[in-house]
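Trainee: What shape does this take:
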Amino acid sequence: MPYTNGIAPIVTVRGAGNLHHLSYGSDGGIVNCVGIMPAPVAANDTNTVTNFLLGFAYSFEGFAFYWDGAGSAFWRIAGSPFTEPVGTSWSAATGVPWGSQIILGLNVQSEVAKAANEDNEVIVYIIPKDLD
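Mentor: Sure, this is the predicted structure:
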């Protein structure tokens, strides 16, 4: 199950682009947080693979993400061979409600509209090659 015992979704992308991440629905009144993490590759690179570990905080009840690159993007739960495509916009994002065993396609545009931008903050982590 995502977000229990340190298990978080991993997103694997190919090429250049940005992984967008949203934390929302705080049970403590904390403002929603949204931001991007660019893949650390050249703009014309279509082959380099980057793995992102999605960050989370116990203060939020929902998390969503999408990929805006031209290359492919798939998510999986750490340790699982099962993969699914990642959403491509906030209206068709990949979402993980807290405590859910299912990762869903969600429209989270209304949550993004209430979010503080944290593009310059760490919201996801790049996993070094062959660490997983």
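Trainee: and the gap between S110 and F60?
Mentor: Separation of S110 from F60 (C-beta to C-beta, to the nearest Å): 15 Å. Every residue, glycine included, has its C-beta placed from N, CA and C.
Trainee: of those two, who's got more company?
Mentor: Under the criterion of other C-beta atoms under 10 Å, the comparison of S110 against F60 puts F60 first, with 19 against 10.
Trainee: Name the residue closest to the centre of the chain, please.
Mentor: F65 (3.9 Å; C-alpha atoms, centre = their mean).
Trainee: Name the SS class of the closest residue to that residue other than its chain neighbours, please.
Mentor: Leaving aside its chain neighbours, F65 sits nearest to H21 (4.8 Å; criterion: C-beta to C-beta, 6 or more residues apart in numbering). Here H21 is strand, with the state taken from DSSP: H, G, I helix; E, B strand; the rest coil.
Trainee: One more: S91?
Mentor: Three-state call for S91 (three-state DSSP): helix.
Trainee: burial measure for it, as a count.
Mentor: S91 has 13 nearby residues by other C-beta under 10 Å.
Trainee: how about the nearest residue to it once chain neighbours are set aside, what does it touch?
Mentor: In this structure, S91 finds its nearest non-sequential neighbour in N107, 4.8 Å apart by C-beta to C-beta, 6+ apart. By C-beta atoms under 8 Å, 6 or more residues apart in numbering, the contact set of N107 is 90-93.
Trainee: Distance from the chain centre to stretch 49-60, please.
Mentor: 6 Å (C-alpha atoms, centre = their mean, to the nearest Å).
Trainee: again, but for stretch 88-103
Mentor: 9 Å.
Trainee: just stretch 41-54 next, same as before
Mentor: 14 Å.
Trainee: Pull the residues that contact that stretch.
Mentor: Taking C-beta under 8 Å, 6+ apart as the rule, stretch 41-54 contacts 8-16, 19, 21, 37, 39-40, 63, 65, 70-71, 78, 124-127, 129, 131-132.
Trainee: what do you get for stretch 23-39?
Mentor: Contacts for stretch 23-39 (C-beta under 8 Å, 6+ apart): 13, 15-22, 48, 50, 52, 56-57, 59-64, 69, 98, 108, 111-112, 114-121, 123-124, 126.
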